[in-house]
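Participant: Prediction below, plus the sequence it came from.
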Amino acid sequence: MDNKEWFRKAEFGMMVHFGLYSVLGGEYRGTRVKTYAEWIQSYCAIPNRAYDELTRVFNPIYFDAEEWIRLAKDCGMQYFVMTSKHHEGFAMYHSKADKFNVVDATPFGRDITAELAEACYKHGLKFGLYYSQELDWHEPNGGGYTNHEPCAGVSWDNSWDFKDAEKKNFDRCFAEKIKPQVEEILTGYGGLSLIWFDVPHTISPAQSLELNNLVKHYQPNCLINSRIGNGAYDYVSLGDNEIPQEPPEEALESQNMNDLAGYKFSPYGLYETAGTMNDSWGFRYYDQNWKTPEAIAENRKKLNSLGVNYLLNMGPDGLGRMPSMAVENLRKAAELMQ
């Protein structure tokens, strides 16, 4: 089936934020982040030399791809999206382009993305990958330095290690890391249903188009979300946890293709909202503000009635365990949605 037609009917999926930040659980040297846990390096301005030490203790011995995918399937989800690389720059797959990855840099030494892909294909779920194509705090030339709006940390780019924005050249990061890694995930993990890009600020229209062409060259049926930037997308990702009150055709279209929230033109009429189970995407051990089963079911019902898919996030801890209350509430919500 064409992925556009599949996506139109998918309705419900699972996203997972999992990385080195999961080890910290939202706290660094006594400081608790008040925003998203996966932003902890920026929030606490942790130098790369210190943050890199997390690779030595990243060993999620309880990670079980089968368990995660069965949970998603049991709860009526039709697709699964894994963070292949978040803003911290750490690849959760075996990257040849950068040794800062789960296989080469950690005692765990397993390709988590490959195991999840295999489990998805085995159980009949569509598989997609999140990739941060601009923000990369591990790189001197990572993007975001042109954006001076407030964010979940001290800055969008790594301004604590690499202080001189005038010396930064995102073109170099794009050519040396971003493009090679996007090519890796397109060629190493089977037929992807979608690629979920994020936070376009520094990326140019030409670079967004270049990524679009790269995706379509290797996987013509793979959908691209609007956060690739500059209008080079197949479907629209609405704002985090955004629940619109009206259908797209009755809303004012955004004139800025790089807005992270709100409706904007969708070439195939495809929309999605990604949402959290509590107040963070990554694991935050002290955040027990879980969405109730009733709220999850109501969010899905409302979004689906507007033709918007609901991509609900889970944030496992550093040992690879899904929070028990999140699992319980998700299962109860699934019962309500039957």
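Facilitator: Sure, I can see it. Numbers count the residues shown, from 1 in each chain.
Participant: Specify the beta-bridge partners of the residue nearest to the spatial centre of the chain.
Facilitator: Closest residue to the average C-alpha location of the chain: residue 130 at 4.2 Å, with C-alpha atoms, centre = their mean. With beta bridges defined as DSSP bridges, residue 130 has these partners: residue 83, residue 196.
Participant: now residue 14
Facilitator: residue 80, residue 312.
Participant: quick one: contacts for the residue nearest to the centre of the chain?
Facilitator: Contacts for residue 130 (C-beta atoms under 8 Å, 6 or more residues apart in numbering) come out as 15, 17, 81-86, 195-198. (Each C-beta comes from the backbone N, C-alpha and C, glycine too.)
Participant: Looks to me like residue 171 is in a helix.
Facilitator: Yes. Counting by DSSP: H, G, I helix; E, B strand; the rest coil, residue 171 falls inside a helix.
Participant: That one - how many residues pack around it?
Facilitator: 14 (other C-beta atoms under 10 Å).
Participant: and what of residue 21?
Facilitator: 31.
Participant: my guess is it meets residue 92, correct?
Facilitator: No. Residue 21 lies out of contact with residue 92 (C-beta atoms under 8 Å); the separation is 11.3 Å.
Participant: ok, now how distant is the closest residue to residue 271 other than its chain neighbours from residue 14?
Facilitator: If the residues on either side of it in the chain are set aside, residue 271 comes closest to residue 308, at 4.4 Å by C-beta to C-beta, 6 or more residues apart in numbering. As defined by C-beta to C-beta, to the nearest Å, residue 308 lies at a distance of 16 Å from residue 14.
Participant: just the strands in the chain please.
Facilitator: Under the criterion DSSP state E, the chain contains strands at 12-16, 27-28, 31-32, 79-85, 126-131, 194-197, 223-224, 236-237, 271-275, 308-314.
Participant: packing partners for the fourth one?
Facilitator: Pointing back at strand 79-85 there. strand 12-16, helix 65-74, helix 112-123, strand 126-131, helix 179-188, strand 194-197 (3 or more C-beta pairs under 8 Å, 6 or more residues apart in numbering; DSSP states H and E).
Participant: Averaged pLDDT, it. What do you get?
Facilitator: Mean per-residue pLDDT for strand 79-85: 98.
Participant: For that strand, what is the distance to the chain centroid?
Facilitator: Centre-to-centre, strand 79-85 and its host chain are 6 Å apart (C-alpha atoms, centre = their mean, to the nearest Å).
Participant: got it, and the third one?
Facilitator: A distance of 23 Å separates the centroid of the chain from that of strand 31-32, by C-alpha atoms, centre = their mean.
Participant: swap in stretch 196-214?
Facilitator: Stretch 196-214 has its C-alpha centroid displaced from the chain centroid by 15 Å (C-alpha atoms, centre = their mean).
Participant: For it, list every residue counted as buried.
Facilitator: 196-203, 207-208, 210-212 (16 or more other C-beta atoms under 10 Å).
Participant: Over to that stretch now: how far is its first residue from its last?
Facilitator: The first and final residues of stretch 196-214 sit 14 Å from each other (C-alpha to C-alpha, to the nearest Å).
Participant: for stretch 286-296, same thing?
Facilitator: So stretch 286-296: terminal residues 21 Å apart, C-alpha to C-alpha.
Participant: Likewise for stretch 99-119?
Facilitator: First residue to last in stretch 99-119 (C-alpha to C-alpha) measures 25 Å.
Participant: buried set for that stretch?
Facilitator: For stretch 99-119, the buried set under the neighbour-count rule, 16+ other C-beta under 10 Å, comprises 100-103, 105-106, 108, 111-119.
Participant: related to what we said a few turns ago, any chance of the helices and strands packed on strand 79-85 in a markdown table, plus distance to residue 304 and mean pLDDT?
Facilitator: Listed next are those as a markdown table, based on distance: least, C-beta to C-beta, whole Å; pLDDT from 0 to 100:
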| stretch | distance to residue 304 | mean pLDDT |
| --- | --- | --- |
| strand 12-16 | 8 | 99 |
| helix 65-74 | 17 | 98 |
| helix 112-123 | 22 | 98 |
| strand 126-131 | 17 | 98 |
| helix 179-188 | 29 | 98 |
| strand 194-197 | 18 | 98 |
